[in-house]
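S.K.: One predicted model, sequence on top.
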Amino acid sequence: MRLRALFPPAIPPAVPPPVPAPVPSPVPRRLGRLVVIVAAVLLLPAAGRAQTPAERDAARATVQRHADAIVTILGTARVHVTMGGREAPATEENVVASGVVLDGDGLVVAALSALEPARLMNSMVGRMGAGTPEMNVAVDLSDLRVKRADGTDVPAKVVLRDEDLDLAFLRPQDTPATPWTFVDAPAADVRPMDLLVVVSRLGELAGRQVAGQFVPVMVVIDSPRRLYFAAGAGGGGAAFDVAGGFVGLTALLSKPGAAPSAASPMSMITGGLNSLDALGLIPVVVPIAEIRDVARQAAGGNR
């Protein structure tokens, strides 16, 4: 008897066909690059003249006086991104933004771009030159709360958006039992090279303390509406003059459309203020008169 008959050759197990590796989506990488670019622009140094001891004393007093009217807006943003016809899985991000209380009923104004960066991102992608795939970002907000100066969280809702001025107005879901502390300083106008005292709330790692910084007014824009160009001020901070007058809110306006000349991401980061034209971004202070005019529409709180 042959050994081959006693011990037939083993049949090798079937090998499943190789599963192709998933092609990584370019959406998260490109979106992350845009976030870096925006952060670099917001951190552009706000160079200005040295402050006098009297101005520093006055600024400290302004920060302390209005600290309770500077709040933190918290929530969850569900981000949907489509690039080149491909939709990336939706992601959830924490919303953390600084806001300013405008009246005793708890009306809060913040920079819309800090809560919903979709329009800003879509505008930037449209100005990045030929060869950039079409991208669309959409953001859904939920679980919005206003964290007051005493640490309490108050459920809130967005009652009005003004995309042209980068403003979002929020109101508590329930009528406050007692009036909120709000910024009641008189309105103030400023000129180029005047100093602003910008007051905002820091993040959790800094204990959500109220903080102030000096920012110079670089240019006053008079057309089509009055705005103060102030690089380095961030978004959502209350801006005061050195005498304590209320100038307005820091915001980041975006101009959609193709850039006059395409710029690389690196040149956008390293180009200083000149990169703003390529990005279509305008860091400004929206005057309090404009804000109050829009706020009248939010008085009902039903939008």
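M.R.: Here it is on my side, so go on.
S.K.: so where is the protein shaky, pLDDT-wise?
M.R.: Scanning the chain for pLDDT under 70 picks out 1-49, 123-133, 256-278, 300-303.
S.K.: so what's the residue nearest the centre of it up against?
M.R.: Geometric centre of the chain, nearest residue: residue 114, 2.2 Å, by C-alpha atoms, centre = their mean. For residue 114, the contact set (C-beta atoms under 8 Å, 6 or more residues apart in numbering) comprises 73, 97, 98, 235, 236. Placement of C-beta: from N, CA and C, glycine included.
S.K.: my guess is it is in a helix, correct?
M.R.: Yes: assessed with DSSP: H, G, I helix; E, B strand; the rest coil, residue 114 lies in a helix.
S.K.: Please name the nearest non-neighbouring residue to it.
M.R.: residue 97 (3.8 Å; C-beta to C-beta, 6 or more residues apart in numbering).
S.K.: Does that neighbour lie in a helix or a strand, and which?
M.R.: strand 91-101 (DSSP states H and E).
S.K.: For that strand, list every residue counted as buried.
M.R.: By 16 or more other C-beta atoms under 10 Å, the buried positions in strand 91-101 come out as 95, 96, 97, 98, 99, 100, 101.
S.K.: isn't the third one right next to residue 72, touching?
M.R.: Yes: under the criterion of C-beta atoms under 8 Å, residue 97 makes contact with residue 72 at 7.3 Å.
S.K.: quick revisit: nearest to residue 250 among the contacts of residue 114?
M.R.: residue 235 (5.5 Å; C-beta to C-beta).
S.K.: one step back: pairing partners for the strand holding residue 97, with directions?
M.R.: Strand 91-101 sits in its sheet next to strand 70-83 (antiparallel), strand 108-111 (antiparallel), going by DSSP bridges.
S.K.: between those, which gets nearest to residue 160?
M.R.: Of the strands paired with strand 91-101, the one closest to residue 160 (C-beta to C-beta) turns out to be strand 108-111, at 9.4 Å.
S.K.: Mind jotting down where the strands sit in the stretch 101-250 of the chain?
M.R.: 108-111, 135-147, 153-162, 167-172, 195-201, 210-216, 219-221, 227-229, 238-241, 246-254 (DSSP state E, counting those that start in this stretch).
S.K.: okay if I get these as JSON lines plus mean neighbour count?
M.R.: Converted to JSON lines, the strands of the stretch 101-250 of the chain look like this (neighbours: other C-beta atoms under 10 Å):
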{"stretch": "strand 108-111", "mean neighbour count": "28"}
{"stretch": "strand 135-147", "mean neighbour count": "17"}
{"stretch": "strand 153-162", "mean neighbour count": "18"}
{"stretch": "strand 167-172", "mean neighbour count": "24"}
{"stretch": "strand 195-201", "mean neighbour count": "25"}
{"stretch": "strand 210-216", "mean neighbour count": "20"}
{"stretch": "strand 219-221", "mean neighbour count": "14"}
{"stretch": "strand 227-229", "mean neighbour count": "22"}
{"stretch": "strand 238-241", "mean neighbour count": "27"}
{"stretch": "strand 246-254", "mean neighbour count": "26"}
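S.K.: quick one: which of the ones you listed is nearest residue 182?
M.R.: strand 108-111 (9.1 Å).
S.K.: Thank you kindly, that will do.
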